[in-house]
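Q: mind folding the following:
(chains A, B, C and D)
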Number of protein chains: 2
Amino acid sequence: MILAPSRPGIYARGSETVDQILKAALDVLIDEGADAFTLRRIAARCDMKVGNVSYHFPRKEMLIQVMLDEMLESYDKLLEEMVRKPGLTAEERLKLVIILCLEDIQTKRTTHLFTELWALANQSEFVADRVRLFYSKVHEVIGEYVAQINTALTPDEVHSVALFISASMEGSTPFLGHQKPWAHKMPVFTAMAAISFVHLAKTVTSRDLAGLMTEAA
Amino acid sequence: MILAPSRPGIYARGSETVDQILKAALDVLIDEGADAFTLRRIAARCDMKVGNVSYHFPRKEMLIQVMLDEMLESYDKLLEEMVRKPGLTAEERLKLVIILCLEDIQTKRTTHLFTELWALANQSEFVADRVRLFYSKVHEVIGEYVAQINTALTPDEVHSVALFISASMEGSTPFLGHQKPWAHKMPVFTAMAAISFVHLAKTVTSRDLAGLMTEAA
DNA sequence: AGCAATATTGGACAATCTTCAAATATTCGT
DNA sequence: ACGAATATTTGAAGATTGTCCAATATTGCT
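A: This next block holds a predicted model:
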């Protein structure tokens, strides 16, 4: 794992400034895109001078890395909150995670941030690394329920099913996310996802997953 | 629909130069990302001077628009080729489209281009417009088969199912696409997609799609 | 071959970018 | 409240960007 530089800011004021910079940076990325992600726009966004931003984050890359780590940490917390729902069966939990994930995808924050992240991951090893780590956790959460629903699957097969469910849900982002062309169909999409993915988890067999795929090709 | 400027290049040489510029521009976007998408890198990629690129495309935005339109046109052709497979049932065709789409997603070209496009669509109305148009065609193709498989569905319900299948497949791009962390699981993903999506098309009812989603929330 | 239209070169330009360093202001333990 | 550590401002260096222009080379029609 590639380490991000430790978060700067020793005095109370400096620490608060760093907070403002990180928030402004995230806002710029969400509202204006990677193209507008410059020190000047970030500084303007939090009423600061460029030099000050440059002082707290001597290299721009540091800012990106710290920002990304803090942002994904907040998503980790969100993910953990999904898990802590007592008194539900594994199937109900899986259905709930699906609903909550698709709900979150509809926010402007998630819609914009993750599409940007997927693009950045093409070139930046750091971003790619963090994206992989984050979704590994998502797979774990989903996989836990899948394993309970379908006890015949091996751990690797469980992960494959979790990966399928997670990736399929994420696929809604560019199409049914915030202000995307088919955003109004998200309720229907969610209904289909709940039905389809739960059914898959229940009924998929090792035999299915070993499919040679020579029949249709 | 936002019109792209007409393609420049009058003489044979000029036209060929425009070709090289467009190819170089696409290569830069695929290989080096949106960050490196500058006139100078594009010019260097096709052994030209910046002034010449600027002469054929007086504004950078023109280059982007023409490039995007030509690129999506090539994907349109690819899509049409998928359709022209004779002697197959609707179910077999749907399964085939799923396999071919997921195959294409594994290419570096598609993996990188579409992730970049989804990000650019957040800020550029033009890109968003073209992305919407392209996937509308994808939905049409898939929807045609879905309608044949499940004749009880209304046209809008057919589109919802096609949208679900398409978006779910696209979701594999950032995770199982070219050199992505779980690229080695694409065969399993494809097997699940074929089984799961075909089953959905067959069995989904209007009642399912009208799901109120109050039960699990 | 001649000639107007088109293409290419090379450089200039202003605007932007990141990074840095010196000067000034603020904070906080003592 | 003093003083060292930290934060902020200011200004500027150096690089890169898109755009433009005049000079030159090439093309393709008559």
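
Q: which residue is it, in chain A, that comes closest to chain B?
A: A:G171 (2.2 Å; CB to the nearest CB). (Glycine included, C-beta is placed from N, CA and C.)

Q: thinking that residue is in contact with B:F164, fair?
A: No: using CB atoms under 8 Å, A:G171 is not in contact with B:F164, being 9.2 Å away.

Q: neighbour-wise, which of these two wins?
A: B:F164 (31 against 24; other CB atoms under 10 Å in any protein chain shown).

Q: might one say that that one is in contact with A:A193?
A: Yes: taking contacts as CB under 8 Å, B:F164 lies within contact range of A:A193: 7.4 Å.

Q: so which bits of chain A are right by DNA strand C?
A: Counting by CB under 7 Å from any atom of the strand, the residues of chain A lying close to DNA strand C are A:11-13, A:37-41, A:50-51, A:54-55, A:58-61.

Q: how about 10 Å then?
A: Residues of chain A lying close to DNA strand C (CB under 10 Å from any atom of the strand) are A:10-16, A:35-44, A:49-55, A:57-64.

Q: ok, which of those also contact DNA strand D?
A: A:10-16, A:39-40, A:43, A:49-55.

Q: packing partners for the lowest-mean-pLDDT helix or strand in chain A?
A: Within chain A, no helix or strand scores below helix A:206-209, which has a mean of 88 by mean pLDDT, DSSP states H and E. Packed against helix A:206-209 by the contact rule (3 or more CB pairs under 8 Å, 6 or more residues apart in numbering or on different chains; DSSP states H and E) you find helix A:155-170, helix B:186-203.

Q: buried deepest among those, which one?
A: helix A:155-170 (a mean of 23; mean count of other CB atoms under 10 Å in any protein chain shown).

Q: now the angle from that one to helix B:186-203?
A: 60 degrees (axes from the mean of the first three to the mean of the last three CA atoms, to 10 degrees).

Q: how far away from the center of its chain is helix A:155-170?
A: 15 Å (CA atoms, centre = their mean, to the nearest Å).

Q: with stretch A:77-90 instead?
A: 17 Å.

Q: which residues touch it?
A: When contacts are defined by CB atoms under 8 Å, 6 or more residues apart in numbering or on different chains, stretch A:77-90 is touched by residues A:R93, A:L96, A:V97, A:L100, A:C101, A:D104, A:K137, A:V138, A:V141, A:Y145, A:Q148, A:I149.

Q: could you pull up the contacting residues of the last one?
A: By CB under 8 Å, 6+ apart, the contact list for A:I149 reads A:A90, A:E91, A:L94, A:V198, A:A201, A:K202.

Q: sorry, back to before: may I have the least confident helix or strand of chain A exported as CSV, CA atoms only?
A: Extracted in CSV, the C-alpha atoms of helix A:206-209 (Å, rounded to 0.1, in the frame of the first residue of the first chain):
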residue,chain,number,x,y,z
SER,A,206,-20.5,-23.7,-8.3
ARG,A,207,-21.4,-25.3,-11.6
ASP,A,208,-22.7,-21.9,-12.9
LEU,A,209,-19.6,-20.1,-11.9
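
Q: list of residues touching that helix?
A: Against helix A:206-209 from outside (CB under 8 Å, 6+ apart): A:A152, A:L153, A:T154, A:E157, A:S160, B:V188, B:A191, B:M192, B:I195.

Q: apart from its neighbours in sequence, what residue is nearest A:M192?
A: B:F164 (4.8 Å; CB to CB, 6 or more residues apart in numbering or on different chains).

Q: ok, the one you found - contacts?
A: Contacts of B:F164 (CB under 8 Å, 6+ apart): A:V188, A:F189, A:M192, A:A193, A:S196, B:L200.

Q: quick check, pLDDT for the first one.
A: Model confidence at A:V188, expressed as pLDDT, equals 97.

Q: was I right about it contacting B:S160?
A: Yes: shown here, A:V188 and B:S160 form a contact pair, counting by CB under 8 Å, at 4.7 Å.

Q: what residue ranges in chain A score low on pLDDT?
A: A:1-9, A:12-14, A:211-217 (pLDDT under 70).

Q: all helices for it, in order.
A: In chain A, the helices defined using DSSP state H lie at A:12-32, A:39-45, A:50-56, A:60-83, A:90-105, A:108-120, A:125-149, A:155-170, A:173-176, A:186-203, A:206-209.

Q: how many neighbours does the closest residue in space to A:Q148 that isn't next to it in sequence have?
A: Nearest residue to A:Q148, sequence neighbours excluded (CB to CB, 6+ apart): A:A90, at 3.6 Å. Neighbour count of A:A90, defined by other CB under 10 Å: 16.
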